[in-house]
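Q: Need a 3D model of the following:
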Amino acid sequence: MRVQIPIGLEDKFEGVIDLLRMKAYYFEGDMGSEIIEKEIPENLKADATKYHSELVEKIVETDDAMMTEYLEGMIPSMDVLKKTLRKAVIANEIFPVFTGSALKNKGVQLILDAVVDYLPSPLDIKAISGIDPNNDAVIERHASDKEPFSALAFKVATDPFVGQLIFFRVYSGTLSAGSYIYNPRTRNKERIGRILRMHANDREEVKQVFAGEIAAAVGLKDTITSDTICDENSPIILDRIVFPEPVISLRIEPKTKADQEKMGMALNRLAQEDPTFKVSTDQETGETIIAGMGELHLEIIVDRMKREFTVEANVGKPQVAYRETINGAAEAEGKYIKQSGGRGNYGHVKIKVKPMEVLTKEELEDLPKNTKRSVGFEFVNSIKGGVIPQEYIAPCEKGFKEGLDRGVLAGFKIVNVSVELWDGSYHEVDSNEMAFKIAASMAVQDACRRANPVVLEPMMKVEVVTPDKFMGDVTGNLSSKRALIEGMEDRGMNKVIKAIVPLSEMFGYMTGLRSMTEGRASFTMEFFRYDIVPNNVAETIIAARK
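A: This next block holds a predicted model:
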């Protein structure tokens, strides 16, 4: 629901009209910092009156008593309207729409005021829940200074003047500078050196923060994004932030020997700050591989290395992060027997593999105790009667994971596989952890070869905004890229095309889109899911890898 309307459009945009107060606001002075309140211009009074009535009607509709009074001719006061609008916003019944220009700094201050006026405070939402690390029980923390301290670290940033900053949001309790916090993930205590309240690039040092506040800590060495920090005597693990896996990678190397050491340090810092950015080493070639969420993401990473860390680097062509999976079920046996002059090696496993089922939250909680799940992998231990001793079960699981890291078709990681260890044997003297790990890795590779393996590719949700006259060219071009057009809609004078497109077809798309539409179209893209690659494309991918 519109709460403001603009005064002027595009380059003639001057200010906004507040439809609740029925006043016009202009932004003057240095970068619009001076807010001038005036009467509504004559040419906009009719529109303002019309939209004011609509807004008041929408607000009173959310409260029966107020609606009755309104129908009887009683107009609610400004304070009552604001309180009722706040309740409706918190209940997701009304979505207020504001107008402004961030570029010209017009309207920004009023939007920040609206955040305070209408969005929920920590007291307006239900208590945060988490897990007690000692017994896995669900516990709650209320937004109160009197409860034990708990907070979530949601961002890591490097400040050139103070070093590494850990941004955190306090859910309960208070925290003082110089005190100690407990990290349930590492099971270690750390000392908070300084606490800063951040104002864009400015820092304000504070001695204490309270429930509901956001601040940044200096001095935490082992805390990363999504970690819970809490009181050691009342530990809690809050819900972790789930980040998508990277879908695009490229090879990177330092331009000079002097850049080599600096590049490693820079990439490590950037990976700490951004959980969707990964750094790895190709075991076969020794090359450094960086992976992220798209071309632009990696371009910015390379640019930041140059600007912030003065590291010059050569980069290769972007590579799509393909995956492999299985479409069928299969059994296999893995034996690793090696005799030498002394003690030998003996490991023997029998396994079954099948595609991993998608389960609801309730089904996941009801999984039997012999089943372990992680992202893209399920391990079922069906060993009975000690045919494989308990101490060799964990090495078997590790061997399965290592075997799935290198695919059977093109060497890509195999995902969404359920592996059941159901039989095997061991030797009293020669069996050891390494032998069972190798046997498990061999068995899972063999089983996946027989289970109808396929290549998966990342599919992107693409939204193209284009003038109407270019719509045919844009949709035709998307169709040639194996796109699935999901729908089209109007947005002002433009058309919006929504499609699911393979990432491999989207490299350099912006250049082609601009030339096709006289530079008037734009697009956004985000990861959607992994889908099976068509046979003809899969053959090309496999041939290129070999």
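
Q: Out of the helices and strands in the protein, which is least certain?
A: Of all the helices and strands that make up the chain, the one with the lowest confidence by mean pLDDT, DSSP states H and E is helix 361-365; it has a mean of 79.

Q: Run the chain-centre distance for that helix.
A: Computed by CA atoms, centre = their mean, to the nearest Å, the separation of helix 361-365 from the middle of its chain amounts to 22 Å.

Q: Remind me what that helix packs against, helices and strands.
A: In terms of contacts (3 or more CB pairs under 8 Å, 6 or more residues apart in numbering; DSSP states H and E), helix 361-365 is not packed against any helix or strand. All C-beta atoms are positioned from the backbone trio N, CA, C, and that covers glycine.

Q: Now for Gly328: which residues touch it?
A: Contacts for Gly328 were tallied using CB atoms under 8 Å, 6 or more residues apart in numbering; they are Lys354, Pro355, Arg450, Ala451, Asn452.

Q: hmm, back to that, strand partners of the helix or strand just after the least confident helix or strand of the chain, parallel vs antiparallel please.
A: Per DSSP states H and E, the first helix or strand lying C-terminal to helix 361-365 is strand 371-374. For strand 371-374, the paired strands and their directions (DSSP bridges) are strand 377-381 (antiparallel).

Q: Now do the very next helix or strand once past the partner strand: which elements does it pack against?
A: Using DSSP H and E, the helix or strand that directly follows strand 377-381 along the chain is helix 393-404. Taking 3+ CB pairs under 8 Å, 6+ apart as contact, the helices and strands that helix 393-404 lies on are strand 377-381, strand 417-425, helix 433-450.

Q: try 10 Å
A: strand 330-338, strand 345-355, strand 371-374, strand 377-381, strand 417-425, helix 433-450 (3 or more CB pairs under 10 Å, 6 or more residues apart in numbering; DSSP states H and E).

Q: can you pull out the strands in the stretch 201-350 of the chain?
A: Remark: strands of the stretch 201-350 of the chain, listed N- to C-terminal, are 202-206, 208-209, 214-218, 228-230, 237-238, 248-254, 278-281, 288-292, 313-315, 319-320, 323-326, 330-338, 345-355; assignment by DSSP state E, counting those that start in this stretch.

Q: Walking through this protein, point out its helices one by one.
A: Secondary structure of the chain by DSSP state H: the helices cover 45-60, 64-71, 78-90, 108-118, 257-273, 295-309, 361-365, 393-404, 433-450, 471-480, 509-516, 535-545.

Q: Beta-bridge partners for the residue lying closest to Thr228 once chain neighbours are set aside, please?
A: Nearest residue to Thr228 in three dimensions, chain neighbours excluded: Leu238, at 4.6 Å (CB to CB, 6 or more residues apart in numbering). The residues paired with Leu238 through beta bridges, assigned by DSSP bridges, are Gly130.

Q: show me what contacts Leu238?
A: The contact partners of Leu238, taken as CB atoms under 10 Å, 6 or more residues apart in numbering, are 128-131, 141, 150-153, 169, 171, 184, 226-230.

Q: one more time with 7 Å
A: When the contact criterion is CB atoms under 7 Å, 6 or more residues apart in numbering, the partners of Leu238 are Ile128, Gly130, Ser150, Leu152, Thr228.

Q: What distance do you get for the closest residue to Leu152 other than its chain neighbours to Ser179?
A: Residue nearest to Leu152 in three dimensions, not counting chain neighbours: Leu238, with 5.0 Å by CB to CB, 6+ apart. Leu238 sits 19 Å away from Ser179, going by CB to CB, to the nearest Å.

Q: What of Ile248?
A: Per CB to CB, Ile248 is found 42 Å from Ser179.

Q: Which one of the two is surrounded by more residues?
A: For Ile248 and Ser179, the more surrounded residue by other CB atoms under 10 Å is Ile248, and the numbers stand at 22 against 13.

Q: and that one, bridged to which residues?
A: Taking DSSP bridges, one finds Gly292, Val320 as the beta-bridge partners of Ile248.

Q: looking at it, it is touching Leu503, isn't it?
A: Yes. Because the distance of 6.5 Å satisfies CB atoms under 7 Å, Ile248 is recorded as touching Leu503.

Q: So for these two, which residues contact both of them?
A: Counting by CB under 7 Å, 6+ apart, the residues touching both Ile248 and Leu503 are Val320.

Q: what does the average pLDDT come to for the single longest strand found in the chain?
A: Longest among the strand segments of the chain by residue count, using DSSP state E, is strand 453-467. Mean per-residue pLDDT for strand 453-467: 93.
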